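*Asks:* 3D model of this:
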Amino acid sequence: MEGGIRARMSYDKNVAADKVVQYKAFYHERLKPDLDCAIQEHRAIEEELGQYQELLKNLKRKLGAQEEVALISLGAEVFSHYTLTKPEEIFMYVGLGFYLQCSVTEGSKLAEDRVVILQRKKEKLDTQISDIRDNIDLVLKGIDELERTAFQQ
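*Replies:* Modelled structure (predicted):
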């Protein structure tokens with residue numbers, strides 16, 4: 001009878017050790033890279049969101065402006081000051097190398113829409129990052145529990 005209990009205990013330790021290896025592999029191969037990727041994407045969205053918020057602030061400032069002084073590139077890292085009278089139309093980058101010529105009011109609306117979209121994406125990523133961190137906590141607790149039970153027997 002005693003031999004059967006010892007055999008079962010060593011089997012349970014082997015199973016627990018195998019599960020620990022599997023959970024650690026899952027953590028390192030799946031959860032950690034997912035978290036790193038989500039955090040990197042979150043940072044990129046925060047940066048883009050900040051740029052659009054800055055653009056929106058500048059466009060609102062331009063709505064009442066009659067004249068604007070700008071620094072323009074002439075090429076080969078040579079810049080010149082330029083005075084723009086009646087800044088009524090602007091060019092906005094819309095993606096994939098395309099620019100849209102629009103009024104300052106239309107540009108403000110586009111920037112506001114983009115800010116809303118980016119804030120939604122950021123909220124989804126916040127939730128995703130939180131879920132991944134919760135899963136990591138769960139896996140690490142499971143690993144600790146398996147190791148504790150395997151070594152107590």
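*Asks:* tell me which element residue 145 is part of?
*Replies:* Element membership for residue 145 (DSSP states H and E) is helix 104-152.
*Asks:* Now do that helix: which elements does it pack against?
*Replies:* Identification of packing neighbours for helix 104-152 by 3 or more C-beta pairs under 8 Å, 6 or more residues apart in numbering; DSSP states H and E yields helix 2-26, helix 32-62, strand 89-95. The way it works is simple: take the backbone N, C-alpha and C, and place the C-beta from them, glycine included.
*Asks:* Can you give me the neighbour number for residue 83?
*Replies:* 8 (other C-beta atoms under 10 Å).
*Asks:* ok, how many other residues are close to residue 57?
*Replies:* Residue 57, neighbours per other C-beta under 10 Å, totals 12.
*Asks:* In contact with the residue positioned nearest the centre of the chain, which residues?
*Replies:* Compute the mean C-alpha point of the chain, and by C-alpha atoms, centre = their mean the closest residue is residue 42, 1.5 Å away. Residue 42 sits next to 122, 125, 126, 129 when contact means C-beta atoms under 8 Å, 6 or more residues apart in numbering.
*Asks:* Make sure the second one is actually in contact with residue 43.
*Replies:* No. With contact defined as C-beta atoms under 8 Å, residue 125 and residue 43 do not form a contacting pair (9.7 Å).
*Asks:* So which of the two has more stuff around it?
*Replies:* Counted by other C-beta under 10 Å, residue 125 and residue 43 do not tie: residue 125 has more neighbours, with 18 against 11.
*Asks:* I'd like the distance between the more buried one and residue 30.
*Replies:* In this view, residue 125 and residue 30 are 18 Å apart by C-beta to C-beta, to the nearest Å.
*Asks:* Equivalent analysis for residue 82, please.
*Replies:* For residue 82, the distance to residue 30 - C-beta to C-beta - is 53 Å.
*Asks:* List the residue ranges of the chain that fall below the pLDDT cut-off.
*Replies:* In the predicted model of the chain, residues 1-12, 64-68, 84-87, 151, 153 satisfy pLDDT under 70.
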